[in-house]
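*Asks:* Okay, predicted coordinates and the sequence, questions at the end:
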Amino acid sequence: MKPIIRIDNLRFAWPGQAPMLEIQQLQLQAGEHLFIQGPSGSGKSTLLNLIAGVLGGFEGEISLAGQSLASLSERQRDRLRADHIGILFQQFNLLPYLNLIDNVSLPCTLSAPRREAAIRRSDSVQAEAHRLLERLQLPAELFQRRTVAELSIGQQQRVAAARALIGAPELIIADEPTSALDGVSRDRFMQLLLEELDQSNTTLLLVSHDPALSEYFSRHLTLEGASSC
Ligand SMILES: Nc1ncnc2c1ncn2[C@@H]1O[C@H](COP(=O)(O)OP(=O)(O)OP(=O)(O)O)[C@@H](O)[C@H]1O
């Protein structure tokens with residue numbers, strides 16, 4: 001089976017600096033979940049940005065869904081990201097003036113495969129956005145009436161998770177997705193996220209400083225500046 005992510009002899013340095021990220025080999029199959037930890041500045045966000053195809057200029061090989069990132073144009077990398085990756089970052093990047101359903105539906109306006117997957121699952125993109133928001137335990141009365149700017153941080157974070165999940169991308173990349181939550185909310189969120197990922201056999205890469213999250217993961221990668229795996 002083709003891995004969702006394959007990394008070989010990856011080496012990355014910021015211009016004029018010593019290499020700060022080195023990974024000899026890393027492969028993740030469909031449905032595998034990897035927890036990435038390491039001290040501040042060890043390169044966790046840099047690694048996510050390299051895998052997402054947002055950052056280039058690396059040595060070695062990174063393949064996503066069987067396609068080598070280095071062989072693609074910027075436009076092709078944007079397309080690959082839109083079709084295959086759900087992104088869940090600390091800052092959420094929600095559009096404050098849109099309601100919850102429209103925010104969650106956004107990836108389906110950028111990607112035909114994700115739109116089709118959402119429709120296969122729930123008959124329409126809006127219905128799938130509705131299902132995911134309910135699954136993540138947001139009260140239905142919020143969906144159409146509120147803009148996301150009117151939600152609590154914990155609620156915004158769950159909207160961002162539903163947006164990452166819609167259209168069943170093969171890979172979710174999450175950078176400190178639970179940093180705004182207390183322990184109970186964090187555990188509940190992780191359980192719901194993993195249940196939803198398991199249903200679509202989605203691969204998860206999650207970066208966090210919170211060691212309590214590591215128990216949810218079968219695979220772990222610790223970065224220490226110049227790292228190997
Ligand atoms: N645009 C940039 N130009 C030059 N150096 C950068 C740039 N972005 C990040 N760095 C450096 O790369 C290193 C790794 O940064 P990165 O954000 O990947 O670390 P991190 O492990 O995610 O840290 P944190 O846990 O604090 O978020 C740091 O030394 C940082 O200063």
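*Replies:* In hand now; what should we look at?
*Asks:* Could you pull out the buried residues of the lengthiest helix in the chain?
*Replies:* Counting by DSSP state H, the longest helix found in the chain is helix 183-200. Judged by neighbour count using 16 or more other CB atoms under 10 Å, the buried positions of helix 183-200 are 186, 187, 189, 190, 192, 193, 196, 197, 200. The way it works is simple: take the backbone N, C-alpha and C, and place the C-beta from them, glycine included.
*Asks:* what's near enough to touch the fifth one?
*Replies:* This means residue 192. Counting by CB atoms under 8 Å, 6 or more residues apart in numbering, residue 192 touches 135, 136, 137.
*Asks:* Give me the phi and psi angles of residue 68.
*Replies:* phi -80, psi 120 (degrees, to the nearest 10).
*Asks:* what's it in contact with, if anything?
*Replies:* The neighbours of residue 68, taking CB under 8 Å, 6+ apart as the test, are 61, 62.
*Asks:* Tell me what it is bridged to.
*Replies:* Beta bridges link residue 68 to residue 63, judged by DSSP bridges.
*Asks:* who in this structure is up against the ligand?
*Replies:* Applying CB under 6 Å from any ligand atom, one finds that the chain approaches the ligand through 14, 20, 38, 40, 41, 42, 43, 44, 45, 46.
*Asks:* Verify the stated contact: the second one with residue 12.
*Replies:* Right, the one you point to is residue 20. Yes: applying CB atoms under 8 Å as the test, residue 20 and residue 12 come out as touching, 6.7 Å apart.
*Asks:* Now the common contact residues for these two.
*Replies:* Common contacts of residue 20 and residue 12 (CB under 8 Å, 6+ apart): 43, 46.
*Asks:* How about the backbone phi and psi for residue 35?
*Replies:* Torsion angles, degrees, to the nearest 10, at residue 35: phi -100, psi 130.
*Asks:* OK, contacts around it?
*Replies:* Taking CB under 8 Å, 6+ apart as the test, what residue 35 contacts is 206, 208, 213, 214, 216, 217, 219, 220, 221.
*Asks:* Which residue, other than its chain neighbours, is closest to it?
*Replies:* Setting aside the residues directly before and after it, residue 35 is nearest to residue 217 in space (CB to CB, 6 or more residues apart in numbering), at 3.7 Å.
*Asks:* And the one you found, how far from residue 174?
*Replies:* Separation of residue 217 from residue 174 (CB to CB, to the nearest Å) stands at 11 Å.
*Asks:* what do these two both touch?
*Replies:* Common neighbours of residue 217 and residue 174, counting by CB under 8 Å, 6+ apart, are residue 206.
*Asks:* Which one's more surrounded, the two?
*Replies:* Comparing residue 217 with residue 174 by neighbour count (other CB atoms under 10 Å), the higher total belongs to residue 174, at 23 against 19.
*Asks:* Not counting its own residues, what contacts the helix or strand harbouring that one?
*Replies:* Element membership for residue 174, per DSSP states H and E: strand 171-175. Applying CB under 8 Å, 6+ apart, the external contacts of strand 171-175 come out as 4-5, 44-45, 48, 51-52, 64-65, 84-90, 164-165, 197, 202-207.
*Asks:* hmm, 7 Å instead?
*Replies:* With CB atoms under 7 Å, 6 or more residues apart in numbering as the test, strand 171-175 has contacts from 4-5, 45, 48, 51-52, 84-90, 164, 197, 202-207.
*Asks:* Tell me what angle it forms with helix 183-200.
*Replies:* Relative orientation of strand 171-175 versus helix 183-200 (axes from the mean of the first three to the mean of the last three CA atoms, to 10 degrees): 160 degrees.
*Asks:* Neighbouring strands of strand 171-175 in the sheet, and parallel or not?
*Replies:* strand 85-89 (parallel), strand 203-207 (parallel).
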